[in-house]
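# Curious how this folds, go ahead:
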Amino acid sequence: MLTIRNVKNTDLPRLVTIENLCFSKEEAASKAAFEKRIELIPDSFFIAEENGEIVGLINGPVIETEFISDDLFNNIKENPASGCHQSILGLAVHPDFQGRGVASMLLANLEYEAKTSQRETITLTCKENLIRFYENHGYINKGVSDSEHGGVTWFNLTKSLT
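Got it, this is the predicted structure:
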């Protein structure tokens, strides 16, 4: 059975493993970045577990702007209690568990929590091959992002929560 919960410090080794399986070295969040996110934004960092094994993660800080900027990958602060925009810096599912709806469940959980905290939108960047996945979940493609993260082309996608 799949369950979703908030991140804990003890999750760190498995999170780093999954992140490195799902993203290139240039794109993957570092151990230090995860440590900072666990410390500062545990309220918007969720883990999917199946039978006690961590199989996926989703995380991102609440930001004041509609779109993600590259500085967020290293420079985040605690989330405000309400308002603003919920970003997604990372959504990753272990390859052995992909295609089972884990990413969709993580997105739905984050969306629920963001609505509860009266966020305006959820905002993320993704590569072209993932646009359709997010559009199928109600996100709107706002075009090519200014992001230079990992040296690849990213697209801004947003979903209104109001």
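# E78 against I41, yeah?
Yes. Taking contacts as Cβ atoms under 8 Å, E78 lies within contact range of I41: 6.8 Å. Every residue, glycine included, has its C-beta placed from N, CA and C.
# Just want to know which of those two has more residues nearby.
More crowded of E78 and I41, by other Cβ atoms under 10 Å: I41, with 20 against 12.
# measure the nearest residue to that one once chain neighbours are set aside to A33 for me?
Distances taken as Cβ to Cβ, 6 or more residues apart in numbering put P61 closest to I41, at 5.0 Å, once the chain neighbours are dropped. Per Cβ to Cβ, to the nearest Å, P61 is found 11 Å from A33.
# swap in W154?
W154 is 17 Å from A33, by Cβ to Cβ.
# Over to V93?
Counting by Cβ to Cβ, the gap between V93 and A33 amounts to 19 Å.
# Look at those two and report which has more neighbours.
V93 (23 against 20).
# Identify the residue spatially nearest to that one, adjacent ones excluded.
G56 (3.9 Å).
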